[in-house]
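Chemist: Output the structure for:
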Amino acid sequence: MANLSNIVSQLQAQRKKVEGELSRLDAAISALKGLGTNGLGKVQSASARPRRMMSVAARRKIAAAQKARWAAWKAKQKKAA
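Modeler: Numbers count the residues shown, from 1 in each chain. Next up is the predicted model:
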């Protein structure tokens, strides 16, 4: 019987050791999950930055400027031909 109680105590000690390792692994996993998400549960790469929001007026100005550039380029091409 002494041998059996010795085995049980060894198994309990091993179980405590494994539980400690599991808690450390869980902590590491949760820390890494926190680093890889943007707060909304979506995973992002390490170099990704949050996208900037552009107002409707700013997009209109950019579109108008691009249209003016294309019109100037087309006029130049027409003139050269």
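Chemist: pLDDT score for Ala71?
Modeler: Looking at Ala71, its pLDDT reads 96.
Chemist: Over to Gly36?
Modeler: 64.
Chemist: With Gly41 instead?
Modeler: On the pLDDT scale, Gly41 is placed at 57.
Chemist: And Ser5, by the same measure?
Modeler: 89.
Chemist: again with Arg59
Modeler: Note on Arg59: pLDDT of 97.
Chemist: Please apply the same query to Ala81.
Modeler: On the pLDDT scale, Ala81 is placed at 73.
Chemist: Could you check how many residues crowd around it?
Modeler: 5 (other C-beta atoms under 10 Å). The way it works is simple: take the backbone N, C-alpha and C, and place the C-beta from them, glycine included.
Chemist: next one: Ala68
Modeler: Counted with other C-beta under 10 Å, the neighbours of Ala68 add up to 10.
Chemist: can you check Gln12 too?
Modeler: 10.
Chemist: Name the helix or strand for Arg52, please.
Modeler: Assigned by DSSP states H and E, Arg52 belongs to no helix or strand.
Chemist: Oh, that last question was meant for Arg15, not what I typed.
Modeler: Arg15 belongs to helix 2-36 when assigned by DSSP H and E.
Chemist: what's the following helix or strand after that helix?
Modeler: helix 56-80.
Chemist: Which other helices and strands does that following helix contact?
Modeler: Of the remaining helices and strands, none touches helix 56-80 by 3 or more C-beta pairs under 8 Å, 6 or more residues apart in numbering; DSSP states H and E.
Chemist: Distance from the chain centre to that helix, please.
Modeler: Relative to the chain's own centre, helix 56-80 is displaced by 37 Å; criterion: C-alpha atoms, centre = their mean, to the nearest Å.
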